[in-house]
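> Provided below for reference: sequence and predicted model.
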Amino acid sequence: MRIISGKYKSRRIQVPPNLKARPTTDFAREGLFNVLSNFIDWEETSALDLFSGTGSIALELVSRGCPRVVSVESEHLHWRFISMTKEKLEAKELYPLKADSFKFIETCREQFDLIFADPPYDMKEVDTIPDLIFEKKLLKPDGLLILEHSRTHNFTMLPQFSRELKYGSVHFSIFS
């Protein structure tokens with residue numbers, strides 16, 4: 001896993017083979033962040049990374065200057081890897097939480113400028129994530145939700161849907 005840009009640019013982080021997570025590909029992450037960099041001031045952005053997996057998105061956000069990034073991951077080994085990487089990089093802006101993302105959404109009282117969700121592609125509840133986030137008002141008024149998903153999901157009919165970006169088999173639906 002490679003950090004694309006920012007203060008940790010080009011840092012390679014070895015993901016242990018025992019992690020079951022599918023990190024967002026470097027190609028897809030780079031494409032997404034190139035688009036987002038055109039209209040996001042990273043130094044003014046609080047972010048939430050749900051279903052964090054290896055933490056590649058959270059680390060990219062911290063590297064680009066986000067002052068607060070909450071990373072939510074339920075798998076102990078994944079959470080531990082994110083926590084150890086935070087310590088190794090001395091990334092004080094990163095707050096890894098070992099929690100179920102759906103329970104976190106239900107109980108969270110904080111609002112974020114940017115929310116990124118990368119649930120397992122085969123998770124049955126993927127389609128409910130945008131509605132839950134908007135119901136619980138986790139996004140600030142001008143905030144963005146980015147949902148990574150496979151091509152089998154279509155979110156274009158949701159009222160908050162803005163656009164979809166495709167990078168190979170990786171799809172990002174953006175909501176505002």
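Happy to help now that I have it. Residues are numbered from 1 along each chain as shown.
> need the helices for this protein, in chain order.
26-36, 56-63, 76-89, 101-107, 129-135 (DSSP state H).
> Most tightly packed of those helices?
By mean neighbour count, with neighbours taken as mean count of other C-beta atoms under 10 Å, helix 56-63 ranks first of the helices of the chain at a mean of 27. For glycine as for every other residue, the C-beta is placed from the backbone atoms N, C-alpha and C.
> now that helix: how far from the chain's centre is it?
Relative to its chain's centre, helix 56-63 lies at 8 Å (C-alpha atoms, centre = their mean, to the nearest Å).
> cool, and stretch 143-153?
10 Å.
> ok, the residue nearest to Tyr167 when sequence neighbours are not counted - contacts?
Excluding the flanking residues, the one nearest Tyr167 by C-beta to C-beta, 6 or more residues apart in numbering is Ala28, at 3.8 Å. Applying C-beta atoms under 8 Å, 6 or more residues apart in numbering to Ala28 gives the contacts Glu148, Tyr167, Gly168, Val170, Phe172.
> name the helices or strands packed onto the strand of greatest length in the chain?
The longest strand of the chain (DSSP state E) is strand 139-149. Counting contacts by 3 or more C-beta pairs under 8 Å, 6 or more residues apart in numbering; DSSP states H and E, strand 139-149 packs against helix 26-36, strand 112-117, helix 129-135, strand 170-175.
> Mean pLDDT and distance to Phe102 for the ones you listed - can I get that in TSV?
Output for these, formatted as TSV (pLDDT from 0 to 100; distance: least, C-beta to C-beta, whole Å):
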stretch	mean pLDDT	distance to Phe102
helix 26-36	93	23
strand 112-117	98	10
helix 129-135	97	7
strand 170-175	96	17
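> With distance to Leu158 added, can I get the ones you listed in CSV?
Shown next, in CSV, are those (distance: least, C-beta to C-beta, whole Å):
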stretch, distance to Leu158
helix 26-36, 19
strand 112-117, 14
helix 129-135, 6
strand 170-175, 7
